[in-house]
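Peer 1: just the structure for this:
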Amino acid sequence: MLSRDKTGLIVVDVQGKLARLVYDSETLVSNCSKLIVGARALGLPIVLLEQNPEKLGETVEELRVPLGEVNPITKFTFNACESPDFLATIKDMDVDTWLVCGIEAHICVYQTAKGLVELGFNVELVNDCVSSRTLSNVQLGINRLKESGVGISGLEMCLYELVKDCRAAEFKQVLSLIR
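Peer 2: Residues are numbered from 1 along each chain as shown. Coordinates of the predicted model:
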């Protein structure tokens, strides 16, 4: 079970034109936004990644607004765990479990989540908050991560798991995201 005091969120490369080209992009962006709002309501640390933003563009506006003051970490490797800035950031956080969302499920999301597992972190892929340009690549990324020991969760499932109790102060805010 997820514990909010040891869980963080990593948002992978939801940028520029590519964010509009992935399979079911409107749902992806909407779900990632809800996940970010829920994570903020629960006080989770959030890490934002951008792959080569000079070429791909910056994080889409719909996510920049709920992210607020979270500054992106620029990376050029597909596996963010090969980026010294990313490694320094996650090692400074008191987190043992990372929720992962973003694009592309079979490339940067896959390699980063697998890299986190190799570093000893627990990883939960939020499967309705990832996409790729084709549905088959989304499914491939999810299947390969499942085989690699990554837990598979969903937007509603992980937020309710973190809230734990309908009497929690954050419950109504999370509930409003799901309805």
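
Peer 1: what residues of stretch 153-160 count as buried?
Peer 2: Residues of stretch 153-160 classed as buried: 153-156, 158-160 (neighbour count, 16 or more other C-beta atoms under 10 Å). Heads up, the C-betas are built off the backbone N, CA and C, glycines and all.

Peer 1: I meant to write stretch 131-147 there.
Peer 2: 131-133, 137-138, 141-142, 145.

Peer 1: and the furthest pair within these?
Peer 2: Using C-beta to C-beta, the buried residues of stretch 131-147 span at most 17.7 Å, a distance reached by R133 and L145.

Peer 1: one step back: narrow the buried residues of stretch 131-147 to those in helices?
Peer 2: With helices taken from DSSP state H, the overlap with these comprises 137-138, 141-142, 145.

Peer 1: can I get those residues in JSON lines including distance to D96 and pLDDT?
Peer 2: Compiled in JSON lines, these are given as follows (distance: C-beta to C-beta, whole Å; pLDDT from 0 to 100):
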{"residue": "N137", "distance to D96": "29", "pLDDT": "97"}
{"residue": "V138", "distance to D96": "27", "pLDDT": "97"}
{"residue": "G141", "distance to D96": "23", "pLDDT": "97"}
{"residue": "I142", "distance to D96": "22", "pLDDT": "97"}
{"residue": "L145", "distance to D96": "18", "pLDDT": "97"}
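
Peer 1: mind listing the strands for the chain?
Peer 2: 7-12, 46-51, 72-75, 97-103, 122-131, 151-153 (DSSP state E).

Peer 1: tell me the most buried of those?
Peer 2: Mean neighbour count (mean count of other C-beta atoms under 10 Å) peaks for strand 97-103 among those, with a mean of 27.

Peer 1: list the contacts of the lowest-mean-pLDDT helix or strand in the chain.
Peer 2: Across the helices and strands of the chain, mean pLDDT, DSSP states H and E gives its lowest value to helix 171-178, namely a mean of 88. Outside helix 171-178, the residues that touch it by C-beta atoms under 8 Å, 6 or more residues apart in numbering are 34, 37-38, 41-42, 155-156, 159-160, 163, 165.

Peer 1: V22 is nearest to which of the strands of the chain?
Peer 2: strand 122-131 (4.0 Å).

Peer 1: S3: which of the buried residues of stretch 153-160 is nearest?
Peer 2: Looking across these and measuring by C-beta to C-beta, the closest to S3 is C158, at 11.6 Å.

Peer 1: per-residue pLDDT of that closest one, please?
Peer 2: You'll see C158 listed with a pLDDT of 95.

Peer 1: ditto for I107
Peer 2: So I107 comes in at 97 (pLDDT).

Peer 1: my read is that it contacts F78, right?
Peer 2: Yes. In this structure I107 lies within contact range of F78 using C-beta atoms under 8 Å: 5.5 Å.

Peer 1: returning to what we had before: closest to L28 among the buried residues of stretch 153-160?
Peer 2: Taking those together and measuring to L28 by C-beta to C-beta, the closest member is L155, at 10.8 Å.

Peer 1: alright, that wraps it up for me.
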